[in-house]
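Visitor: Quick one, what's the 3D model for this:
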Amino acid sequence: MLFFGNHKKPEKIAYNPDEKKPAVRKSICTGEMTAGFIDSRTGKFQEFMLLENQKAVEHFCEQTGVKRENLTEIY
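Guide: Presented below is the predicted three-dimensional model:
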């Protein structure tokens, strides 16, 4: 529990932007969202964490340093 401005800054996720691109994979059927990275060489998606809501998506964006509108979405 956080009190009176004792908010921690989100920890940065270390990744090489030349090799990986942050992305969110969304399920059309269930609406489940998974954050991860797309490998630029193979094009495969590597799961990193399950996202429960839009606030979690914003948190992932802060951790990776990517703006929400630049985040790749996969369906």
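
Visitor: contacting residues around Leu71?
Guide: Applying Cβ atoms under 8 Å, 6 or more residues apart in numbering to Leu71 gives the contacts 22-24, 57, 60-61. Placement of C-beta: from N, CA and C, glycine included.

Visitor: Most neighbours out of the residues you listed, which is it?
Guide: Within these, most neighbours by other Cβ atoms under 10 Å means Phe60, with 23 neighbours.

Visitor: Give the full set of residues in contact with the closest residue to that one other than its chain neighbours.
Guide: Using Cβ to Cβ, 6 or more residues apart in numbering and skipping the chain neighbours, the partner closest in space to Phe60 is Ala35 (4.5 Å). Shown in contact with Ala35 (Cβ under 8 Å, 6+ apart): 22-24, 47-51, 56-57, 60.

Visitor: swap the cut-off to 6 Å and go again
Guide: Applying Cβ atoms under 6 Å, 6 or more residues apart in numbering, we find Ala35 in contact with 24, 48-49, 51, 60.

Visitor: Wasn't it part of a strand?
Guide: Yes - Ala35 sits within a strand when classified using DSSP: H, G, I helix; E, B strand; the rest coil.

Visitor: Which strand residues bridge it?
Guide: Beta-bridge pairing for Ala35 (DSSP bridges): Val24, Met49.
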